[in-house]
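# Everything below, folded, please.
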Amino acid sequence: MLKKLFGHREKTVEVVAPVNGEIVDLKKVPDPVFAEKMMGEGLAIKPADGEVVSPVNGEVVQLFPTNHAVGLKTKSGVEVLIHIGLETVSMEGEGFTAHISQGDKVRAGDKLISFEKGLVEEKAKSTVTPIIITNSNDVNVEVKEETKAAAGTTVLMNVHSE
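Okay, the predicted model is just below:
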């Protein structure tokens, strides 16, 4: 009985869009690490602007020192990676501003990172932003058939856990 009261874990996590823009199939991302799903299941978005919000309720478990990527974890253990652009680590943080810190609790729609889209277009390989379920081998990921993403609103994926 106590487990029922205190051990409640969400069975399905809705992952909403972290950025506004056009949804891109992961297989079409011009980086084999993402396209071949080596990091996990997911999709990508070609961002329309430079604002990134949390796609889930959870905790910031990793904020890369260059602020180009963030890892989140939900109460049920779903792990989400948002990687802003491709080969943006080489920008060494230039143009990226974090609004959160590792260990922070966030809700879907909370602002995570701002970035200068024009600078990323100029200095990185691509602005395409993969959203990956890094523990997709442990959960069932249902990717939605959307084409446009509204940050904090459009449901991109349902992730089912035991």
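
# Which residue would you name as the spatial centre of this structure?
Nearest residue to the geometric centre of the chain (C-alpha atoms, centre = their mean): Ile82, 3.0 Å.

# That one bridge partners, please.
Bridge pairing for Ile82 (DSSP bridges) gives the partners Val70, Ile131.

# That one reaches Phe64, doesn't it?
No. Using C-beta atoms under 8 Å as the test, Ile82 is too far from Phe64 to be in contact (10.3 Å). All C-beta atoms are positioned from the backbone trio N, CA, C, and that covers glycine.

# shared neighbours of those two, anything?
Residues touching both Ile82 and Phe64 by C-beta atoms under 8 Å, 6 or more residues apart in numbering: Val70.

# returning to what we had before: return the distance of the residue nearest to the centre of the chain relative to Gly152.
As judged by C-beta to C-beta, to the nearest Å, Ile82 and Gly152 stand 13 Å apart.

# now the strands: where do they sit in this protein?
12-16, 21-24, 41-47, 51-53, 58-63, 69-73, 79-83, 96-98, 105-106, 111-115, 129-133, 140-143, 148-149, 155-160 (DSSP state E).

# what about the fifth one, distance to the chain center?
In other words, strand 58-63. Relative to the centre of its chain, strand 58-63 is centred 11 Å away, using C-alpha atoms, centre = their mean, to the nearest Å.
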